[in-house]
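Peer 1: model this:
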Amino acid sequence: MNRHSGVILAGLLLCCATSVFAQTQPTGPTSDFEAPPNMVLLYYGYDKNGPRDWTAERIKYYVGHYRERGTDAEVPVDTFFDTVLWMYRISSRGHLFEAGAKHQPTTRPDWEECLGRLFEAGHQLNALEAATAELETGLGRRVGVNVILTLPYPDVRVGAWGEVPGEPQWDFRSSDEPRLAAVRWYIDAALKRWGEASFPHLRLLGFYWFNESHINLRDPQKIEDESLKSDVGLIRSVARHVHSLRVAGRPLTLTWIPYSPYGGERVGVVAELLKSEPAERIDYLMVQPNYFFARWKKERADLTAVVRAAASAGAGVEIEFDESLLRDEAARQRLRDYLEVIPAEHPRWNAVPAGYYQGVRAVHELATHPELASLYDELQKFVVQRRTSTPQP
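Peer 2: All right, here's what the predicted structure looks like:
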C-alpha cells in the first residue's frame, strides 16, 4: 500500500468534506448482506526474505479469539475478524501490483503467480479454511469467513501484458479497453479456481481495487482524451462487471481503500464513486488516516478530523498498526486512539465497513506476546462491538 512509499494522506478534505459529501449515500453493499465487514489485510506476496505464507496455525488468531493462548489450556471463546482481504504487493521478480513509478509493473506471469499462491495447498485460502473449520469445532457452532481477493492493477506503462507469443498481448498505454479485458481475465480465472476448490467455511465477498489513487501514470502532456488521465472510468467499468457476477447466488462486491482525499479533485472523486448508481459504485470504501505511523507526526486531533470527514462521506475508516507495537508504547497508544476516536466521532461507525492494516503479522504478534494480551483483547472487543451493535436497516 502507498503508506509504504511515503504518500501523505488527508489535507483539504478535512476543511471541505461536509459541504461536498453531505448529499452522498453511505457506502455499503449493493444487496442485503450481513453486518458491514471487519476486514483484516493479509499480505502473501514476496519480500526480501522470500515468500510470505499463511498457515492455519498462524491465521487462527485472526478468525478466532482464544484464551490461554500458547498453552495446553488454549481454547477459542469467540470469533474475531469476519472478513479477510488477501493482498499481493510484490511478485517473486520484484514487480509491483499497484502503481509505482520506481517499480516494474506486473504482467500476466505475476498475475498468475498471485492467483496460484492464493490457492496453494496448506497456505492462504486453504489455511484459512482449515483454521475456520477448527474454530467451528472448538466453539461448537457454525462459523464462516468472508474473502475478498485483490485485483492486480493494470498499469498504464504495460505495452505487452501477455509477454509470451500466443497469449493476449494487451497494450495498456493508450486505451482502457485492454486494461478492462485483463481485469476480466483475472476475475474469470479467480472464479474458476474458486469454483474448483472446496471451502465450506469461506464465502467469496468480492474483489478489491488495489491502486490507492484514481490518477494513473500516463503522461498528461501526451494524452488528448481527458478520461484516460484518470482511472475513474475504468473503476466504474470494473464495478459494473463485478456486480454482474454471482457466486452461490450472491452478487459480488467491490472494495477500495484510497488515500484520504487531499485536494479538490480527490474529494470530488470519492464523492462521485460513493453516490454513483448501484451498478458502478464502490460497495465498501474506507479511508486511511495514516495517524499510526510516527513519521507523519500526526496528532490525535488529525485522526479526529479524518474520522469526521469519513463520516461526512458515508465512508468507513481503516485502522492502522504494525509490528512496532512490540517495542513502542507510543505505538500501542496510537492503536488505542483509533479504537476510542472512531466510535466517538463517527455516528455510523458500526454501519460502515472497517479495514485493519496490520503490517505483516501484527495481530499474530499481539496474540502470542503475553505483555500485549490486553491489546489483542481490546482489538477483538472493538470488532465484536461493531458486529453486535450494527443498526438494523
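Peer 1: lowest average confidence, helix or strand, in the chain?
Peer 2: The least trusted helix or strand in the chain, going by mean pLDDT, DSSP states H and E, turns out to be helix 13-21, with a mean of 35.
Peer 1: Quick check: next helix or strand after that helix?
Peer 2: strand 38-43 (DSSP states H and E).
Peer 1: Please list the residues outside that next one that contact it.
Peer 2: Strand 38-43 has contacts (C-beta atoms under 8 Å, 6 or more residues apart in numbering) with 1, 52, 54, 59, 62, 81-89, 146, 148, 255, 284, 353-358, 360, 363, 383, 386-387. The C-beta positions use only the backbone N, C-alpha and C, and glycine is treated the same way.
Peer 1: What pairs with it, parallel or antiparallel?
Peer 2: strand 83-87 (parallel), strand 354-357 (parallel) (DSSP bridges).
Peer 1: residues of the shortest one that come out buried?
Peer 2: Neighbour-count burial for strand 354-357, with 16 or more other C-beta atoms under 10 Å as criterion, is recorded at 354-357.
Peer 1: Next: stretch 335-345.
Peer 2: 335, 337-339, 341-343, 345.
Peer 1: before we move on, what about stretch 79-92?
Peer 2: 79-91.
Peer 1: Save these as CSV, and put in distance to residue 141 too.
Peer 2: Output for these, formatted as CSV (distance: C-beta to C-beta, whole Å):
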residue, distance to residue 141
79, 9
80, 15
81, 17
82, 14
83, 19
84, 20
85, 25
86, 25
87, 29
88, 32
89, 35
90, 38
91, 39
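Peer 1: residue nearest the centroid of the chain?
Peer 2: residue 85 (5.2 Å; C-alpha atoms, centre = their mean).
Peer 1: residues in contact with that residue?
Peer 2: Taking C-beta under 8 Å, 6+ apart as the test, what residue 85 contacts is 39-42, 148, 150, 208, 255, 355.
Peer 1: Provide a list of residues in contact with the nearest residue to residue 99 once chain neighbours are set aside.
Peer 2: The shortest distance from residue 99 to any non-neighbouring residue, by C-beta to C-beta, 6 or more residues apart in numbering, is to residue 211 (5.1 Å). Residues near residue 211 by C-beta under 8 Å, 6+ apart: 98-99, 153, 231.
Peer 1: tell me the secondary structure for residue 211?
Peer 2: Per DSSP: H, G, I helix; E, B strand; the rest coil, the secondary structure class of residue 211 is coil.
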